[in-house]
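Here is a sequence together with a model predicted from it:
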Amino acid sequence: MREEQAPQAHSVFYSARQALRRHASGGNILIAATALALIVANIPGVSNMYFQFWDQEVRLQIGSFNLFSHHGHAMDMLAFINDALMAIFFFSIGLEIKREILVGELSSFRQALLPILAAVGGMAVPVLLFIVMGHGTDFSKGAAIPMATDIAFSLGVLAMLGKRVPLSLKIFLTTLAVVDDIGGIVVIAAFYSGHISFGLLALAAVCLGVLLLGSRLQIKSKIFYLTIGGVVWFLFLNSGIHPTIAGVLVAFCVPATPVFAPRKYVKIIRESIGHFRGEDDEMLNRKSILTKDQMNWLKEVESASDKVISPLQELEDSLHAIVNYFILPLFAFANAGIVLVGTPLSSLFEGVSVAIIVSMVVGKFVGIFSFSWLTVKLGLAPMPAHSNWKMIASIALLGGIGFTVSLFIATLSFGGSAAQADILNHAKLGIVAGSLLAGISGFIILHYTLPHTPAPDAVE
């Protein structure tokens, strides 16, 4: 039995470590970008420059063709961030989802069932609560705003508690957030698309077919997938389907198998390194130019190393820095600029703001906790190892940190006209306040319920 569990435990450990490394480290930068946006948006004089900057046009033009154009009109800076750069973010999310399905938490049905059902509850209850509170109002179409869970922020809170947090809880929250991302992608595709141009959509489908064929023919060139993926993005942008969906679909086409099997890679490494004799160590220790043969042997090692990592894993790893340290902070800085001057504190307790806060904090908690409790009590899935219901309740609260995707959906919901600018401003205020309340509450409860010693399965 132990031998059968070992590979699964290793896979779980690897997936959790990868998720923490990719997302938790970006939380502090997101917080800093959000705080800076709030400050700049409320400094007289500077605030005008801040908001006017996002109206600047962005062009990448050859002749009369502008890549960053929507139905013949150039994108402004804000649209470029939300429609182009965020497509890269969703591309990375698509890569992560595919990896999770193949080798991660979503690869085992029983292992994934608890966080999947918890995520379903965490999406359904907040949306229903928002619909009830927003019925008949001018902000009713923002019902999808509170359904998201921000991976970077929520894992960042867990990271603050160090080794006291069991690995099983980190896996639970990570998988829940990934399923939330899938739900968000479906909602964006279904409800935030405009008038559909079926001709352009058919061309995009052909391009996706070429990508799938390339994957089937074992084409491993990343340039192949990124170039055709860029064409798919442009066609989606102008077809009426939200262009971020293109990023997800292209990601699903990227092959997850390497050119070389690990065994062949090890064989090449051994043969190449075998050319270096022990008596040559002293000479190699000096900083000298390599011989032609030595350079060729090392290039064989380098080439083999490139081919033993699948395009999916290499792209996911390569995008980590640009997404977490540039795209998401820039998105937060551009979209979290909430005008607080002249906005009474009472606005937090009325309209769209209070609907979002209640849905994110109360709705998420009730949805995640109740669905988790029912799943365990019905015997459908076990409790996460080394955890109890107080810990699950804390994770349910952290699930209310919606920030990035919530801001994105709010912009899609209310960013279409100047008449809705006030609603969007109050929606952003509710998202920031709700995420802050959920994060602080979850942290405090975890701090007092977790043992003060490292968890048995804790990881860095």
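Sure thing, it's come through.

Report the mean confidence score over the strand ranked longest in the chain.
Counting residues, the longest strand found in the chain (DSSP state E) is strand 73-76. What strand 73-76 shows for mean pLDDT is 87.

Against which helices or strands is the helix or strand that that strand is followed by packed?
Remark: after strand 73-76, the chain's next helix or strand is helix 77-79, criterion DSSP states H and E. On a contact count with 3 or more C-beta pairs under 8 Å, 6 or more residues apart in numbering; DSSP states H and E, helix 77-79 meets strand 57-58, helix 328-335. C-beta here means a position set from N, CA and C on the backbone, and glycine is covered the same way.

can we see that at 10 Å?
Judged by 3 or more C-beta pairs under 10 Å, 6 or more residues apart in numbering; DSSP states H and E, the packing partners of helix 77-79 are helix 46-53, strand 57-58, helix 328-335.

buried sites along the very next helix or strand once past that helix?
Using DSSP H and E, the helix or strand that directly follows helix 77-79 along the chain is helix 86-103. Within helix 86-103, the residues scored as buried using 16 or more other C-beta atoms under 10 Å are 86-101.

And the furthest pair within the residues you listed?
Met86 and Ile101 (22.3 Å; C-beta to C-beta).

thinking again about what came up before, quick one, which of the helices and strands packed on helix 77-79 is nearest to Leu176?
Among the helices and strands packed on helix 77-79, the nearest to Leu176 by C-beta to C-beta is helix 328-335 (19.2 Å).

avg pLDDT for the closest one?
Helix 328-335 comes out at a mean pLDDT of 91.

can you pull the contacts of the residue sitting nearest the centre point of the chain?
Nearest to the geometric centre of the chain sits Ile93, at 4.8 Å (C-alpha atoms, centre = their mean). Ile93 makes contact with 151, 178, 181-182, 184-185, 244, 247-248, 251, 316, 323, 405, according to C-beta atoms under 10 Å, 6 or more residues apart in numbering.

any idea which of those is closest to Lys267?
Glu316 (26.3 Å).

Please, where are all the strands along this protein?
With strands called from DSSP E, the chain shows them at 57-58, 61-62, 65-66, 69-70, 73-76.

JSON lines for those strands, including distance to Val40 and mean neighbour count?
Shown next, in JSON lines, are those (distance: least, C-beta to C-beta, whole Å; neighbours: other C-beta atoms under 10 Å):
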{"stretch": "strand 57-58", "distance to Val40": "20", "mean neighbour count": "16"}
{"stretch": "strand 61-62", "distance to Val40": "30", "mean neighbour count": "9"}
{"stretch": "strand 65-66", "distance to Val40": "29", "mean neighbour count": "12"}
{"stretch": "strand 69-70", "distance to Val40": "27", "mean neighbour count": "18"}
{"stretch": "strand 73-76", "distance to Val40": "18", "mean neighbour count": "16"}
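
In TSV: these, plus distance to Ser47.
Shown next, in TSV, are the strands of the chain (distance: least, C-beta to C-beta, whole Å):
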stretch	distance to Ser47
strand 57-58	21
strand 61-62	31
strand 65-66	30
strand 69-70	27
strand 73-76	18
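
Can you pull out the low-pLDDT segments for the stretch 201-350 of the chain?
For the stretch 201-350 of the chain, applying pLDDT under 70 flags the ranges 259-265, 274-290, 297, 302-308.

can you do 80?
Low-confidence segments of the stretch 201-350 of the chain (pLDDT under 80): 258-309, 341-343, 345, 347.

I'd like to know which of the strands of the chain is closest to Asn48.
Each of the strands of the chain was scored for nearness to Asn48 using C-beta to C-beta, and the closest is strand 73-76 (15.9 Å).

Packing partners of that closest one?
Judged by 3+ C-beta pairs under 10 Å, 6+ apart, the packing partners of strand 73-76 are strand 57-58, strand 65-66.

What pairs with the last one, parallel or antiparallel?
Spelled out, it's strand 65-66. strand 61-62 (antiparallel) (DSSP bridges).

now stretch 76-94: how far from the chain's centre is it?
What separates the centre of stretch 76-94 from the centre of its chain is 12 Å, taken as C-alpha atoms, centre = their mean, to the nearest Å.

Pull that stretch out as PDB, backbone CA atoms only.
Extracted C-alpha coordinates of stretch 76-94, given in PDB (Å, rounded to 0.1, in the frame of the first residue of the first chain):
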ATOM      1  CA  ASP A  76      -6.600  52.600 -25.500                       C
ATOM      2  CA  MET A  77      -4.100  51.600 -22.800                       C
ATOM      3  CA  LEU A  78      -6.800  50.200 -20.500                       C
ATOM      4  CA  ALA A  79      -8.300  48.000 -23.200                       C
ATOM      5  CA  PHE A  80      -4.800  46.800 -24.100                       C
ATOM      6  CA  ILE A  81      -4.200  45.700 -20.500                       C
ATOM      7  CA  ASN A  82      -7.600  44.200 -20.000                       C
ATOM      8  CA  ASP A  83      -8.000  42.500 -23.500                       C
ATOM      9  CA  ALA A  84      -4.400  41.800 -24.600                       C
ATOM     10  CA  LEU A  85      -2.200  41.400 -21.500                       C
ATOM     11  CA  MET A  86      -4.900  39.700 -19.500                       C
ATOM     12  CA  ALA A  87      -5.200  37.200 -22.400                       C
ATOM     13  CA  ILE A  88      -1.600  36.200 -21.500                       C
ATOM     14  CA  PHE A  89      -2.700  35.800 -17.900                       C
ATOM     15  CA  PHE A  90      -5.600  33.500 -19.000                       C
ATOM     16  CA  PHE A  91      -3.200  31.700 -21.300                       C
ATOM     17  CA  SER A  92      -1.100  30.900 -18.200                       C
ATOM     18  CA  ILE A  93      -4.200  29.900 -16.300                       C
ATOM     19  CA  GLY A  94      -5.100  27.500 -19.200                       C
END
